[in-house]
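J.: This is a predicted model, with the sequence first.
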Amino acid sequence: MRYVSEFRDGTLVRRVIDEIRRTVTRPWTIMEICGGQTHAIVKNGLDEMLPGEIHLVHGPGCPVCVTPLEMIDRAIAIASRPEVTFVSFGDMLRVPGSASDLLRVKSAGGDVRAVYSPLDAVRLAQARPDREVVFFGIGFETTAPANAMAILQAARLGLGNFSMLVSHVLVPPAIEALLASADNRVEAFLAAGHVCTVMGWTEYEPIAARYGVPLVVTGFEPLDIVQGTLLAVRQLESGRAEVENQYTRSVRREGNLTARAVLEEAFQVCDRKWRGIGEIPRSGLRVSERFAAFDAERRFPVGGVTTEEPSVCIAGLVLRGQKKPSDCPAFGAVCTPERPLGAPMVSSEGACAAYYHYGRYRVAHA
Amino acid sequence: MDLSCPLPLTESARVLLGHGSGGRMSADLVHRFFLPRFTNPYLDRLDDQAVVEIAGQRLAFTTDSFVVRPLFFPGGDIGRLAVNGTVNDLAMAGARPLFLSAGFILEEGLPLDDLAAILDSMQAACREAGVLLVTGDTKVVNKGSGDQCFINTAGIGAVEHQRLLSANQARPGDRIILSGTIGDHGMAVMSRREGFEFETEIESDTAPLNGLVAVILERASEVRCLRDPTRGGLASTLNELALASGVGIEIDEEQIRVRPAVHAACELLGLDPLYVANEGKLVAIVGPEEADAIVERMRRHPLGAQASVVGTVTEQHPKMVVMRTGIGGTRVVDLHPGEILPRIC
Amino acid sequence: MCLGVPGKIVETYEVAGLRMGRVDFGGVVKEACLEYVPDAQVGEYTVIHVGFAIGRLDEVEARRSLEFLRDAGLLGTELREMEAGGA
């Protein structure tokens, strides 16, 4: 596959890893904040191939994992209504809410469907004027433009039966919250390449300056990840703290201006609670006032959603990179992908699921 | 900052789609509900067929159900799938497939032209495989109660050898042979599935494997087990075999072939070809001395042209399947928990 | 997050007021919305996420990064200079 397979070349990957080995002189803790990067690392066994001084930790980069419990419960409540056709990306269907999940709503008779693109949900609303079509708009800045366009299109078509339950999260505030935390141990970041394809990297420059931390915008293939790691290590070893771009084939400093403009129209920044972390001010997006008619939160006010959290799951520590999934006492025992205790085990991008599916052998034989 | 964690989900009181996807949930359902009630030496093997003996003649006996949606997809349809799938279950015991039954559950409103097309397909498939459809049944359900057409089959074949081909026969040192590319069937079906459609030349690989099996078994004495990696893909099959035999399995990503278009489709939807269904491929576990000769013979058969050794059975990490990745690292190839869904993440 | 896949635009057209296109991923062609890459033409590569092109893929940059790694025995400072060109 063009522009994918070439970046999976084992020889080139090992060459870069050798250079990392030659460069590194002491331990460094580097965080990647993208479920797709976590996935690529553990699935290819990259973390075991890197020199031992490099501690790669996985951040809260899985939007499925960090979607707040209240939002999942709200989605379940809306999806359970007989007049609603609830449409979502596949990833969200298995995420546990307080007492259920969307797949269980489906098995109990709810009209719950998975789609590939938010425009599919708009088409569904057009085809079925007798149904209330609600789309679950989750994701980072990467997905927000697609969801935004769906709202704009629904407005343009005058659809009265389409709305979106929006729970977007923004990366830069999360990075700042992590860095500002007293027990932070992360020394450099690999920033998410597709988030930056949309947003550019200007938001990261003040963060690098304020906290003295290198941030390397990195792609998703094995070669991208090791190359991003090499750039971060070089900065760390030479005491620099800049924003650098490894993913040059896709990311420009200003990002995608057309997409950013549409985001401004369709959404507004709000405070957002991150599952496992807590509330981070101004770290989320909600539907803007202008498009309030398409905001499912307003259309379906759901009151009294109580949420409870048990203590065994250390999702919070995992999502903040303080613990590896294998450190958790429940990992692989009480908590498995079939009976997940926390979101990082549910989502196939979650750190715990990635470790469980791909990394269990190394953990057992370390 | 608070540490919030979700409550554990209580077990489902209902059947979920994940129970049908061939992964861990399916296995769980079988072990908790079916096995305890019907346990006997035949069933407990959990092979794709049962080999029974009647009046001194060994017979292979199997059943299967076909619920694929859409009914017609590139390279085949539910009818062709039904015949080949049943033939293959028999072939995996090294049996010569002889007779099939077919029970149809038809939804009110199914176009008769569609039914005719499905039956034409079955007729052709029976001829190709050398089997006779000897008995059948038809039921019609209300509109909305069935997905246009479900087919249940049973098959009988003659076991003319004395071997025991079963999932629990693998031993450390054995080689694992895969007959060809993976992921073709599942992605061919996906290419026509509502919400995920795409244009492609990918075709289902549905095919009767009894001829290929005959080629494998001739002059070979160290064949432990044959299995076709259908629902749940190669990953599920290898895990079942590792579990049944209590051994570890190591496979090499570089030896597992995926067609470029199948690879692209999987990338696009965030699916792993290892878990995607195949309907015209088989896995053979064979003794190390015979592996190369068997692969040679398979390659001369049209359905085995891309056969290769993809791994070994080991005493390391028992019941676990580990893959050496193209990059040179290792990863566990697990049983998938349940429904395999396209992802955005 | 961010399953984004590179694909080549093979056709562009309009549907319900939106700029759409057929995108080829190498044996698989799927429709995607091209509103966010208004200048991308047939024959160009874009990164597709959930049915939307989120950016154009710079083929020159892609080839450059690969060629360098292929030719270079040692990486040295050239890699930094190359990256500085994009940063």
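T.: Looks like it arrived, so ask away.

J.: With the flanking residues excluded, which residue is spatially nearest to residue 30?
T.: Went with chain A since none was named. Spatial nearest neighbour of residue A:30, excluding adjacent residues (Cβ to Cβ, 6 or more residues apart in numbering or on different chains): residue A:188 at 4.7 Å. C-beta here means a position set from N, CA and C on the backbone, and glycine is covered the same way.

J.: Switch to chain C, please.
T.: Per Cβ to Cβ, 6+ apart, closest to residue C:30 is residue B:198, 4.1 Å.

J.: Tell me, what's the model's pLDDT at the one you found?
T.: Per-residue confidence at residue B:198 stands at 92 (pLDDT).

J.: Surely it touches residue B:265?
T.: Yes. Using Cβ atoms under 8 Å, residue B:198 is in contact with residue B:265, at 6.6 Å.

J.: So the two - more neighbours on which side?
T.: Per other Cβ atoms under 10 Å in any protein chain shown, whichever of residue B:198 and residue B:265 has more neighbours is residue B:265, with 30 against 24.

J.: Look at that one and give its secondary structure.
T.: helix (DSSP: H, G, I helix; E, B strand; the rest coil).

J.: Please look at it and residue B:200 and confirm they touch.
T.: Yes. Between residue B:265 and residue B:200 there is a contact under Cβ under 8 Å: 6.4 Å.

J.: which residues are in contact with both of these two?
T.: Residues touching both residue B:265 and residue B:200 by Cβ atoms under 8 Å, 6 or more residues apart in numbering or on different chains: B:187, B:191, C:27, C:28.

J.: Quick check: chain neighbours aside, which residue is closest to the residue of chain C found nearest chain B?
T.: With Cβ to the nearest Cβ as the measure, residue C:27 is the residue of chain C nearest to chain B, at 2.7 Å. In space, residue C:27 comes closest to residue B:261 once its chain neighbours are excluded; the distance is 2.7 Å by Cβ to Cβ, 6+ apart.

J.: That neighbour: which element?
T.: helix B:260-269 (DSSP states H and E).

J.: dump the residue contacts of the residue nearest to residue C:27.
T.: So residue B:261 contacts B:187, B:200, B:201, B:202, C:26, C:27, C:28 (Cβ under 8 Å, 6+ apart).

J.: what angle separates the longest strand belonging to chain C from helix B:260-269?
T.: Counting residues, the longest strand found in chain C (DSSP state E) is strand C:5-15. Put simply, strand C:5-15 runs at 80 degrees to helix B:260-269, going by axes from the mean of the first three to the mean of the last three Cα atoms, to 10 degrees.

J.: Tell me which helix or strand residue 41 sits in.
T.: Reading this off chain A. Element membership of residue A:41, judged by DSSP H and E, is helix A:35-44.

J.: which regions of chain B sit below the pLDDT cut-off?
T.: Applying pLDDT under 70 to chain B flags the ranges B:1-11, B:145-147, B:337-345.

J.: Neighbours of residue B:299, how many?
T.: Neighbourhood size, residue B:299 [other Cβ under 10 Å]: 16.

J.: Dihedrals phi and psi, residue A:96?
T.: For residue A:96, the backbone dihedrals (degrees, to the nearest 10) come out as phi -80, psi 130.

J.: tell me the contacts of the most centrally placed residue in chain C?
T.: By Cα atoms, centre = their mean, chain C has its centre lying nearest to residue C:57, at 2.4 Å. By Cβ under 8 Å, 6+ apart, residue C:57 lies in contact with A:3, A:249, A:250, C:6, C:44, C:45, C:46, C:47.

J.: Kindly report the same for residue B:68.
T.: So residue B:68 contacts B:78, B:81, B:189 (Cβ under 8 Å, 6+ apart).

J.: Show me which of these is closest to chain C.
T.: residue B:189 (14.0 Å).

J.: So the closest residue to the closest one other than its chain neighbours versus chain A, what's the distance?
T.: Distances taken as Cβ to Cβ, 6+ apart put residue B:73 closest to residue B:189, at 4.9 Å, once the chain neighbours are dropped. To chain A, residue B:73 is 18 Å away according to Cβ to the nearest Cβ, to the nearest Å.

J.: what's near enough to touch residue B:73?
T.: Residues near residue B:73 by Cβ under 8 Å, 6+ apart: B:188, B:189, B:191, B:192, B:204.

J.: hmm, stretch B:232-251 touching chain A?
T.: No. Stretch B:232-251 does not reach chain A (Cβ under 8 Å from any Cβ of the partner chain); its nearest approach is 9.2 Å.

J.: returning to what we had before: ok now the helix holding residue B:261, how far from the chain's centre?
T.: Relative to its chain's centre, helix B:260-269 lies at 20 Å (Cα atoms, centre = their mean, to the nearest Å).

J.: Only the buried residues of it, if you could.
T.: Judged by neighbour count (16 or more other Cβ atoms under 10 Å in any protein chain shown), helix B:260-269 contains these buried residues: B:261, B:262, B:263, B:264, B:265, B:266, B:267, B:268, B:269.

J.: what are the pairing partners of the helix or strand following that helix, and which direction each?
T.: Using DSSP H and E, the helix or strand that follows helix B:260-269 towards the C-terminus is strand B:283-286. Strand B:283-286 has the following strand partners under DSSP bridges: strand B:175-178 (antiparallel), strand B:223-227 (antiparallel).

J.: just checking, what packs against the very next helix or strand once past the longest one?
T.: Elements were assigned by DSSP H and E; along the chain past strand B:223-227, the next helix or strand is helix B:233-245. With contacts defined as 3 or more Cβ pairs under 8 Å, 6 or more residues apart in numbering or on different chains; DSSP states H and E, the packing partners of helix B:233-245 are strand B:223-227, strand B:248-252, strand B:283-286, strand B:321-324.

J.: How far off centre is helix B:233-245?
T.: 11 Å.

J.: CA-only coordinates of that helix in CSV, if you can.
T.: What follows is helix B:233-245, C-alpha atoms only, in CSV (Å, rounded to 0.1, in the frame of the first residue of the first chain):
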residue,chain,number,x,y,z
GLY,B,233,-10.0,-16.0,10.9
LEU,B,234,-6.6,-17.6,11.1
ALA,B,235,-6.0,-16.2,14.6
SER,B,236,-9.1,-17.9,16.1
THR,B,237,-8.2,-21.3,14.4
LEU,B,238,-4.6,-21.2,15.7
ASN,B,239,-5.7,-20.3,19.2
GLU,B,240,-8.3,-23.2,19.2
LEU,B,241,-5.6,-25.6,18.1
ALA,B,242,-3.1,-24.3,20.6
LEU,B,243,-5.7,-24.7,23.4
ALA,B,244,-6.9,-28.1,22.4
SER,B,245,-3.4,-29.5,22.1
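
J.: angle of it against strand B:223-227?
T.: If you take the same axes, to 10 degrees, helix B:233-245 sits at 130 degrees to strand B:223-227.

J.: angle of helix B:233-245 against strand B:248-252?
T.: Angle, helix B:233-245 to strand B:248-252, by the same axes, to 10 degrees: 150 degrees.

J.: my guess is residue B:160 contacts residue B:96, does it?
T.: Yes. Between residue B:160 and residue B:96 there is a contact under Cβ under 8 Å: 6.2 Å.
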